[in-house]
Every structure is written in C-alpha cells, then in structure tokens.
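S.K.: Here is a sequence together with a model predicted from it:
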Amino acid sequence: MEVAIRKMGNSQGVLIPKPILAQVGLEGTADLQVRDGVIEIRAVRRNPREGWADDARRIAEQRDDALVWAEFANDGDNELVW
C-alpha cells in the first residue's frame with residue numbers, strides 16, 4: 001500500500017489505517033526502530049510481572065504483607081521427608 005508522508009507539526013508522519021493497526025495489535029503506544037534501513041513499528045511487549053518487585057517492597061515497607069490465611073498443616077505433614 002502506498003501512503004503519503006505528511007507534515008505533522010515540526011515532524012512528518014504517515015497515517016496508518018485502523019484495520020492495519022488492528023491486524024498487528026497496535027493500540028496506544030508502539031515500539032519504533034530503524035533496522036537495516038527499514039522502519040519497524042511493533043506492538044510494545046511488556047513483561048507481565050514488570051514492577052512486581054517494587055510493589056512487593058512497597059507493601060513490605062507498609063507492613064501490609066501478612067499472610068491472609070493463617071498457616072495450616074495437613075495430618076501427617078510432620079512425617080514427610082524432604
């Protein structure tokens with residue numbers, strides 16, 4: 001598909017049709033790079049656990065990290081050999 005490069009403020013850009021964005025899963029933000037003379041635009045892939053360590057540290061600092069359920073054991077647990 002041939003598209004026009006348009007002036008957008010002090011920059012230039014290309015309008016990407018909505019069906020193409022949907023086809024590749026682009027929404028909100030994108031990862032834009034140039035590789036070997038080719039402009040690549042991809043969906044941002046984030047680690048689903050990103051920020052967990054910081055959140056755990058913050059919760060611990062607030063002393064809000066107590067067990068929700070008290071510890072409990074099963075009959076015969078003392079006999080198990082690990």
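M.R.: On my side now, so go ahead.

S.K.: can you give me the mean pLDDT across the lengthiest helix in the chain?
M.R.: Taking DSSP state H as the criterion, the chain has its longest helix at helix 52-61. For helix 52-61, mean pLDDT is 91.

S.K.: Model confidence for the residue nearest the centre of the chain, exactly?
M.R.: Among the residues of the chain, the one closest to the centroid is residue 46, at 2.5 Å (CA atoms, centre = their mean). pLDDT for residue 46: 78.

S.K.: quick one: it and residue 31, what's the gap?
M.R.: Going from residue 46 to residue 31 by CB to CB, to the nearest Å gives 10 Å. (Each C-beta comes from the backbone N, C-alpha and C, glycine too.)

S.K.: ditto for residue 39
M.R.: 11 Å.

S.K.: Residue 43 too?
M.R.: 7 Å.

S.K.: Neighbour count: the two, which is higher?
M.R.: Taking neighbours as other CB atoms under 10 Å, residue 43 and residue 31 compare with residue 43 leading, 14 against 11.

S.K.: follow-up on the earlier one: return the distance of the longest helix of the chain from the chain's centre.
M.R.: Between the centre of helix 52-61 and the centre of its chain there are 18 Å (CA atoms, centre = their mean, to the nearest Å).

S.K.: Tell me the backbone dihedrals of the residue nearest to the centre of the chain, please.
M.R.: When read as degrees, to the nearest 10, the backbone of residue 46 gives phi -100, psi 150.

S.K.: The longest helix of the chain: which residues count as buried?
M.R.: By neighbour count on 16 or more other CB atoms under 10 Å, the buried set for helix 52-61 is empty.

S.K.: what does stretch 15-26 give?
M.R.: For stretch 15-26, a neighbour-count test (16+ other CB under 10 Å) marks residue 26 as buried.

S.K.: For it, measure first residue to last.
M.R.: 13 Å (CA to CA, to the nearest Å).
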